[in-house]
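A.B. asks: Fold the following.
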Amino acid sequence: MIRASKPLPDVQKTPDERGIDIDEVGVSNIRYPIAFPLRDGGHCNTVATVSMRVSLPHYEKGTHMSRFMIALQENVRELSPASVEHVLRELLGLLDADTAYLDMTFPIFLKRKAPVTGLEGLLDFECAFKGVLKKDGTYDKIVEVRVNAASLCPCSKNISEYGAHNQRSRITIKVREHSELMWFEDLIDIAERNASCQLYPILKRPDEKFVTEKAYENPKFVEDIVRDVAVELLGLLNENRIKYFFVSSNNYESIHNHDAYAHVERGEVGTLLSRFSHD
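C.D. replies: Predicted structure coming up:
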């Protein structure tokens, strides 16, 4: 004879008397497959590191961690930047929260042809998408790319009788979107064309000559890079395609034991996403 099991106590929902609201609680470091369209009509399948959180009122002891994974698993075939709002809506319902957050970072691989020989390879870029949804329906989202490029020091070129020292620049762009989704590739293009030279996965000698000379003829301080990128992003801001942008460049010095850094941000960061500005 099978005995009926007793209901299990729900400890998370027991009262808490410390009077402290928790801003965000949830699960992090989830490895999960995602898919999304590319600008050229193709699709990108990759693996994201996902974090999901909700707000927790002071009177509840804890949240239900399993419900985060339930919300994610139910969207396995459609998890993408475009479906984040749907996942967040499910989280708000499942956990009866006021605010839900979802962040995901992932690599994408884009084809790049060498500038002279045309040899094609894949170059990886680190991307991120971050969304916040409140119970009143307010939805905010940030698109981010991190792009490696080459820079050549204008001062070194100016004062040297021959040659100039190069740096590798790590350019970060974050934009707060309006209703339409920004293409990751558009932001990557903006970063690459405002460095001294972009990077390529395959370079033969004619290609190496080309990129060396291109960088030499296009010297950029770290300040030049962020200002030139900002000019393009200000155009998107003025066209109301984005609400806010952040651009930074970290130039990894080749003749110093320190790096050079600069950043510019403009627009309405939004109270929901202010913490994303510099992380």
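
A.B. asks: Would you mark the buried spots in the longest helix seen in the chain?
C.D. replies: As assigned by DSSP state H, the longest helix anywhere in the chain is helix 222-238. For helix 222-238, the neighbour count (16 or more other C-beta atoms under 10 Å) marks 222, 224-230, 232-233, 236-237 as buried. Placement of C-beta: from N, CA and C, glycine included.

A.B. asks: Please tabulate these in a markdown table and include pLDDT as additional columns.
C.D. replies: What follows is the buried residues of helix 222-238, written out as a markdown table (pLDDT from 0 to 100):
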| residue | pLDDT |
| --- | --- |
| 222 | 93 |
| 224 | 95 |
| 225 | 95 |
| 226 | 97 |
| 227 | 98 |
| 228 | 97 |
| 229 | 98 |
| 230 | 98 |
| 232 | 97 |
| 233 | 97 |
| 236 | 94 |
| 237 | 94 |
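
A.B. asks: export those to JSON lines and tack on distance to residue 166?
C.D. replies: Formatted as JSON lines, the buried residues of helix 222-238 follow (distance: C-beta to C-beta, whole Å):
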{"residue": "222", "distance to residue 166": "13"}
{"residue": "224", "distance to residue 166": "14"}
{"residue": "225", "distance to residue 166": "13"}
{"residue": "226", "distance to residue 166": "18"}
{"residue": "227", "distance to residue 166": "20"}
{"residue": "228", "distance to residue 166": "18"}
{"residue": "229", "distance to residue 166": "19"}
{"residue": "230", "distance to residue 166": "23"}
{"residue": "232", "distance to residue 166": "23"}
{"residue": "233", "distance to residue 166": "25"}
{"residue": "236", "distance to residue 166": "29"}
{"residue": "237", "distance to residue 166": "31"}
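
A.B. asks: Among those, which one lies nearest to residue 176?
C.D. replies: residue 237 (9.8 Å; C-beta to C-beta).

A.B. asks: Quick check: the nearest residue to the closest one once chain neighbours are set aside vs residue 217, distance?
C.D. replies: Distances taken as C-beta to C-beta, 6 or more residues apart in numbering place residue 267 nearest to residue 237, at 5.4 Å, with adjacent residues excluded. Using C-beta to C-beta, to the nearest Å, residue 267 is found at 33 Å from residue 217.

A.B. asks: now residue 54
C.D. replies: Noted for residue 54: a distance of 52 Å to residue 217, by C-beta to C-beta.
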